[in-house]
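In: I'll drop the sequence and a predicted model, then ask my questions.
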Amino acid sequence: MNARASAYTILRESERSDKYVAIALDSHFSSNEYSSEDRALISALVYGVTERRITLDYLISVFTGKKPSALDKEVLTILRLGMYQILYLEKIPDSAAVNESVKLASKYASRSKSFINAVLRRLCREKDDLPLPSDPIDREVIESSVPKELCLHFMKDYPDSYREIIYSANSRPRLTLTANTLRISRDALAASLKDSCELCEDSERGIRLTENLPISQFDELKNGLCYVQDEASQIAVSALGARAGETVIDVCACPGGKSFFAALSMENRGKIYAFDLHASKLSLIENQAARLGISIIEASEHDSTEPRADLIGKADRVICDLPCSGLGVLAKKPEIRHKSISELSELDGIQERILISSAKYLKVGGTLLYSTCTLRKAENEERILNFLKNDPDFSLLPFKVGSVEAPNGYTTLIPNGKRDGFFIAILKKTK
């Protein structure tokens, strides 16, 4: 199966099963052999069509005179793939994009071959002068491919940053690594990666790759000299300030990045309890910890909406990184943008219960990291301030990590193409 046919298959499967495209891609790559070039093209097509769906469907409606929902699913997917190549993949000639789409139509939508050919050839002729909406908001929706409901949400919650947020949603974030300082310094790791990386600005262990290279190419990962973790996540755990000999509880730990970072800060001395709701995920933590040479993490199954009774009042630090709506990682999980705000708010009650439960683990004087990878104040500032209103034993603790300053005890990192959007708050138990 060639790259475009594979991309077509993955997109159709992802749409039918409502599966994250990253998971669909991993599943497909694990069971099929491809060259590195084909893997790169398949990934670019699957991610690109998913994130640019609003733009593509708008243009499909303009150039066909039909609503996308009125087209056969096979035809719609082939048109999206062809249009994406013509508009966004500069290295692919327009003629190749059209011809390969017609080949796909021959296999999956033979009766619509001529129709698909005509639509794509018209786009090739008119792509330098596309008809866009005159309304400013509607135009930004089409240009950014972020739904209007989300654009209006970002305008309301982040009026000074909403353009940066919506346009960063289509960036291609580079892989970011955390240096395993139990085994190697960040500078030594950067030296081993040579010209393919740069140091992160605000994390003392962070290294950002400057090329989108397959993870399999890095022996440093296999050998436990580093692991994958976004800089925003690294900054969050740095703000917690875990130290050697302490007891730390990570209440929603999988896949384990924050537990690992805390263990490095603790010089692998002390104890970290890493919880996850699903026992099947615990091997992700255990296997990676073993690869990194971290021995202080005890991973176990636990529902963190309730505290574990034997650990109440025992923790110096708590990591409360919650399942969230994910609006800070649209560039990595493009399908999230196609969910409604009502769908995105489904976790609100669970978040509140986990926070209340997690706070019970702290000793007096202990600190709790509350973090999410979303940009929704109802899950961030409002959640924290409501908690403080109901529990006078806690207060916000100012912090500074690199250039990131939070004099009020919390801050929001805006996604910028280099790191995720992230909310970070540090709470201290005062009595």
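Out: Arrived safely.
In: what sits up against the lowest-mean-pLDDT helix or strand in the chain?
Out: Lowest on mean pLDDT, DSSP states H and E among the helices and strands of the chain sits helix 21-31, with a mean of 85. Here helix 21-31 makes contact (CB atoms under 8 Å, 6 or more residues apart in numbering) with 6, 9-11, 13-14, 17, 39, 42-43, 46-47, 50, 332-335. Every residue, glycine included, has its C-beta placed from N, CA and C.
In: quick one: the residue nearest to L362 when sequence neighbours are not counted and K363, what's the gap?
Out: Among residues not flanking L362 along the chain, K429 sits closest, at 4.3 Å (CB to CB, 6 or more residues apart in numbering). Using CB to CB, to the nearest Å, K429 is found at 7 Å from K363.
In: ok so, going back, what's the local residue count around the residue nearest to L362?
Out: 21 (other CB atoms under 10 Å).
In: which residues does the nearest residue to E381 once chain neighbours are set aside form a beta bridge with?
Out: Nearest residue to E381, sequence neighbours excluded (CB to CB, 6+ apart): Y410, at 6.5 Å. Going by DSSP bridges, Y410 is paired in beta bridges with A425.
In: Compute the number of surrounding residues for Y410.
Out: For Y410, the neighbour count with other CB under 10 Å is 22.
In: which other residues reach the strand ranked longest in the chain?
Out: Of all the segments of type strand in the chain, defined by DSSP state E, the longest one is strand 362-372. Applying CB under 8 Å, 6+ apart, the contact partners of strand 362-372 are 233, 236-237, 239-241, 258, 313-322, 324, 328, 351, 355, 358-359, 379-380, 383-384, 394, 397, 410, 422-431.
In: for stretch 271-286, same thing?
Out: 246-256, 259, 262-263, 266, 296-304, 308, 311.
In: still on that earlier bit, mark which of the contacts of helix 21-31 are buried, thanks.
Out: Buried members of these, counted by 16 or more other CB atoms under 10 Å: 6, 9-11, 14, 39, 42-43, 46-47, 50, 332-335.
In: what ranges do the strands span in the protein?
Out: Secondary structure of the chain (DSSP E): strands at 176-179, 197-199, 206-209, 226-228, 247-250, 271-276, 297-301, 315-321, 362-372, 394-396, 399-401, 404-406, 410-413, 422-429.
In: Within its sheet, name the partner strands of the first one and how each one runs.
Out: Partner strands for strand 176-179, per DSSP bridges, with pairing direction: strand 206-209 (antiparallel), strand 226-228 (antiparallel).
In: R12 - nearest residue in space that isn't next to it in sequence?
Out: Nearest residue to R12 in three dimensions, chain neighbours excluded: T77, at 5.9 Å (CB to CB, 6+ apart).
In: go on, N170?
Out: Distances taken as CB to CB, 6+ apart put E51 closest to N170, at 5.7 Å, once the chain neighbours are dropped.
In: That neighbour: how many residues sit nearby?
Out: For E51, the neighbour count with other CB under 10 Å is 27.
In: Near F399, how many other residues are there?
Out: Residues near F399, counting by other CB under 10 Å: 23.
In: ugh, wrong one, R122
Out: Using other CB under 10 Å, R122 has 13 other residues around it.
In: and the residue lying closest to it once chain neighbours are set aside, how many neighbours?
Out: Excluding the flanking residues, the one nearest R122 by CB to CB, 6+ apart is F63, at 5.7 Å. Residue neighbour count, defined by other CB under 10 Å, stands at 18 for F63.
In: can you offset everything so residue one is 47?
Out: With the count now opening at 47, the last piece we talked about shows up as F109.
In: Contact partners for F109?
Out: Per CB under 8 Å, 6+ apart, neighbours of F109: 165, 168-169.
In: Would you confirm that I358 contacts S403?
Out: No - counting by CB atoms under 8 Å, I358 sits too far from S403 to count as a contact (9.7 Å).
In: can you list the domains in the chain?
Out: 49-175, 182-214, 281-475 (automatic domain parsing).
In: Comparing those domains, which comes out most buried?
Out: Mean neighbours per residue, mean count of other CB atoms under 10 Å, is largest over the domains of the chain for domain 281-475, with a mean of 19.
In: So what would you say the end-to-end distance of that one is?
Out: One end of domain 281-475 sits 21 Å from the other (CA to CA, to the nearest Å).
In: what about that domain, distance to the chain center?
Out: Centroid separation for domain 281-475 versus its chain: 15 Å, with CA atoms, centre = their mean, to the nearest Å.
In: again with stretch 462-477
Out: How far stretch 462-477 lies from its chain's middle: 16 Å, per CA atoms, centre = their mean.
In: before we move on, what about stretch 252-272?
Out: Worked out by CA atoms, centre = their mean, stretch 252-272 lies 18 Å from the chain centre.
In: I would like the residues contacting that stretch, please.
Out: 82, 85-86, 218, 220-226, 229-230, 232, 235-236, 238-239, 241-246, 273-275, 277, 280, 337-339, 464.
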